[in-house]
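Student: Got a predicted structure here, sequence first:
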Amino acid sequence: MPTTGALYCLEDPQQQHGSTPAKAPPPVTPAAASDVPAQVLIYPSEILLKPGDSHPFTARLYNARGQYLRDDPSATFTADGPGSFAGNVLRTGPLVKHQAVMVTVKSGELTGKARVRVIPPLPWSFDFESTIISADKKAGD
């Protein structure tokens, strides 16, 4: 029994000491080159960028058992929000406020999504009139 002052162990002298051995884990079937992709995931799946930053993304294919198969260099990426793709590289737009970009990847019939948070550099100033006032801009300008 754990307490704030010590750890106490109680014993029943009429019981036999020992432990039960753990069961052997089930056998794992390794991923094979012939496995059909069942899921596509975007790497990284969530990221934080500044306005105007760029970052490459990778489409990773997994089989129905959740085992990694390979990357898909022919996957197509699209951005929903303030950003655009050139191949697999996302470039965020010149923003003034906090925003998010939803990234979608298409690999054959499979689709995956990820989120990119776009945060402007410090200092931030919030008010009740607008979402954010940048350091260059004063309230009422």
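Tutor: Yes, it's here. Residues are numbered from 1 along each chain as shown.

Student: if I look at Q14, how far off is Y8?
Tutor: 19 Å (C-beta to C-beta, to the nearest Å). To be clear about C-beta, it is placed using only N, CA and C from the backbone, and glycine gets the same treatment.

Student: swap that for V116, sorry
Tutor: For V116 relative to Y8 (C-beta to C-beta), the value is 52 Å.

Student: Would you mind telling me which of those two has more residues around it?
Tutor: V116 (25 against 8; other C-beta atoms under 10 Å).

Student: so that one, which of the three states?
Tutor: Assigned with DSSP: H, G, I helix; E, B strand; the rest coil, V116 falls in the strand class.

Student: check contacts around it.
Tutor: Contacts for V116 (C-beta atoms under 8 Å, 6 or more residues apart in numbering) come out as 46-49, 55, 79, 81, 83, 90, 92, 100-103.

Student: how about 6 Å then?
Tutor: Contacts for V116 (C-beta atoms under 6 Å, 6 or more residues apart in numbering) come out as 47, 49, 101.

Student: Over to T111?
Tutor: Contacts of T111 (C-beta under 6 Å, 6+ apart): none.

Student: 10 Å instead?
Tutor: 39-40, 75, 104-105 (C-beta atoms under 10 Å, 6 or more residues apart in numbering).

Student: re earlier: buried only: go through the contacts of V116 for me.
Tutor: With neighbours counted by 16 or more other C-beta atoms under 10 Å, the contacts of V116 contain buried members at 47, 49, 101.

Student: could you redo these as CSV and give each row pLDDT, distance to R70 and secondary structure?
Tutor: Listed next are these as CSV, based on pLDDT from 0 to 100; distance: C-beta to C-beta, whole Å; DSSP: H, G, I helix; E, B strand; the rest coil:
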residue, pLDDT, distance to R70, secondary structure
I47, 92, 22, strand
L49, 92, 27, strand
V101, 92, 26, strand
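
Student: can I get these in a markdown table with distance to L61?
Tutor: Supplementary listing: the buried ones among the contacts of V116 in a markdown table, determined by distance: C-beta to C-beta, whole Å:
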| residue | distance to L61 |
| --- | --- |
| I47 | 20 |
| L49 | 25 |
| V101 | 23 |
